[in-house]
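Enquirer: starting from these lines, generate the structure:
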Amino acid sequence: QVQLVESGGGLVQAGGSLRLSCISSGRSFSDYAMGWFRQAPGKEREFVAAISWSGYRTLYADSVKGRFSTSRDNDKNTVYLQMSRLKPEDTAVYYCAARLGGGDLAITSSDYPYWGQGTQVTASS
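Expert: Residues are numbered from 1 along each chain as shown. Next up is the predicted model:
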């Protein structure tokens, strides 16, 4: 079992940057591949990024590629999502998620059994 808590969300002007953090407690953090998802009002939850247990493998949605970067610090049980050049369409609640099988990157929310509570990101135009 693992518990996840996100932080770092907020209000930023379009073009600005934010860094989200997700800290894990419970079972060994390095056993898990991690994912980031987001959900805007009235829309389905969508994949943003994923990272393997080692951090060497990452995967991004086309909509954020080149603007967002995910990384992790296994000593701190924390995964990060650095968001740059934010756009109004990036506005959503952002969630981190975990799945066992640290080398397997998944882009479907149903592949992740463990979720944080989410943090709001708003990019104003």
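Enquirer: which outside residues touch stretch 41-52?
Expert: 33-39, 57-61, 64, 68-72, 79, 81, 92, 94-95, 102-109 (C-beta atoms under 8 Å, 6 or more residues apart in numbering). Any C-beta I mention is one placed from the backbone N, CA and C, and that applies to glycine too.
Enquirer: who's in contact with Gly26?
Expert: 1-3.
Enquirer: of those residues - the most surrounded one?
Expert: Counting neighbours by other C-beta atoms under 10 Å, Val2 leads those with 19 neighbours.
Enquirer: now do Trp115 against Leu11, distance only.
Expert: As judged by C-beta to C-beta, to the nearest Å, Trp115 and Leu11 stand 23 Å apart.
Enquirer: more neighbours: which of the two?
Expert: Using other C-beta under 10 Å, the more surrounded residue of Trp115 and Leu11 is Trp115, with 18 against 12.
Enquirer: so what sits opposite the residue nearest the centre of the chain in the bridge?
Expert: Centroid check for the chain by C-alpha atoms, centre = their mean gives Trp36 as the closest residue, at 2.5 Å. Assessed by DSSP bridges, Trp36 has beta-bridge partners Ala49, Cys96.
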